[in-house]
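> starting from these lines, generate the structure:
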Amino acid sequence: MKAPSFLRHAAAATACAVACFVAPQAGAIPVNAVGDAFSVNILGNGGALDATALFTVTTWDTSNDRVILNVGLTNNSSAASSRLTALSILNVAPNLTGADATNGWDAAINVNAGGGFNPVDLCLYDGQNCNGGGNQGVYGGTSEQFALTLDFAALGAALDLSGFVAKFQTANGSFHLEGCVVGTRGCGSTEVPEPATLGLLGLGLVGCGLLRRRRAQRA
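Below is the predicted model:
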């Protein structure tokens, strides 16, 4: 049975608009001002391990080559005993000269994170070291926040961060899971357009509809 013409036109217009929309590629996340923020999603082990990390720039000090970020970690894992004990950032540019964290968390630069991720430019951990130890960490169903201070030889115009790996310690062993940055292709809710993007998609739908109408008139 042939679909009604208005349905075929709507489907064609939608396909046209979607084809014109390209999600941002995964890669370095640049920040360069107070208020800049981004989120990292971590999901694995059949969905049993689930966490998010929110980074927000609170200080951008080019005079002292220093950036301070507020880091919020939320462990959404199904088991309360599944602890998020470390979050590593594989690549940080420009080069770090030092890092420090508050609220019981520590930060180390140029260290081995375990799980085959060696070395990493920056590791944030709540325990004896980046590889864990002790009973610290963000337990399932809880969240924590801390301030992260980063020092650079020369800060420059922007800070680029890429490659995020979280370490979980569970009753079934330890797991290193790679995270993805919200806003990059294939990352959880990243395919949900923001209002500005929705406006562009709407324009795409209108443009495609006009194009089809002109072609119909010419035919």
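> how about the most centrally placed residue in the chain, what does it touch?
In the chain, the centroid-proximal residue (C-alpha atoms, centre = their mean) is Val181; its distance is 2.0 Å. Val181 sits next to Ala26, Ile29, Phe38, Ser39, Val40, Asn41, Phe164, Cys187 when contact means C-beta atoms under 8 Å, 6 or more residues apart in numbering. All C-beta spots, glycine's among them, are computed from the backbone N, C-alpha and C.
> work out for me the element it sits within.
strand 173-181 (DSSP states H and E).
> ok, Phe168 next?
Element membership for Phe168 (DSSP H and E) is strand 159-170.
> what is the rounded mean pLDDT of that strand?
Here strand 159-170 scores 95 as its mean pLDDT.
> ok now it, how far from the chain's centre?
The chain centre lies 9 Å from the centre of strand 159-170; the measure is C-alpha atoms, centre = their mean, to the nearest Å.
> all the strands of this structure, residue numbers only.
Counting by DSSP state E, the chain has strands at residues 29-31, 37-44, 49-61, 66-75, 83-93, 96-101, 106-111, 120-125, 143-152, 159-170, 173-181.
> buried sites along the fifth one?
The neighbour-count check on strand 83-93 (16 or more other C-beta atoms under 10 Å) flags Arg83, Leu84, Thr85, Ala86, Leu87, Ser88, Ile89, Leu90, Val92 as buried.
> rewinding a little: which strands border the strand holding Val181, and is each parallel or antiparallel?
Applying DSSP bridges to the sheet, strand 173-181 is found paired with strand 37-44 (antiparallel), strand 159-170 (antiparallel).
> relative to strand 66-75, how tilted is the shortest one?
What it means is strand 37-44. Interaxial angle, strand 37-44 versus strand 66-75 (axes from the mean of the first three to the mean of the last three C-alpha atoms, to 10 degrees): 40 degrees.
> and strand 37-44, which residues are buried?
By 16+ other C-beta under 10 Å, the buried positions in strand 37-44 come out as Phe38, Ser39, Val40, Asn41, Ile42, Leu43, Gly44.
> cool, stretch 119-129 as well?
Buried-residue list, stretch 119-129, by 16+ other C-beta under 10 Å: Val120, Asp121, Leu122, Cys123, Leu124, Tyr125, Asp126, Gly127, Asn129.
> from Gln169, how far out is the first one?
Read that as Val120. For Val120, the distance to Gln169 (C-beta to C-beta, to the nearest Å) stands at 18 Å.
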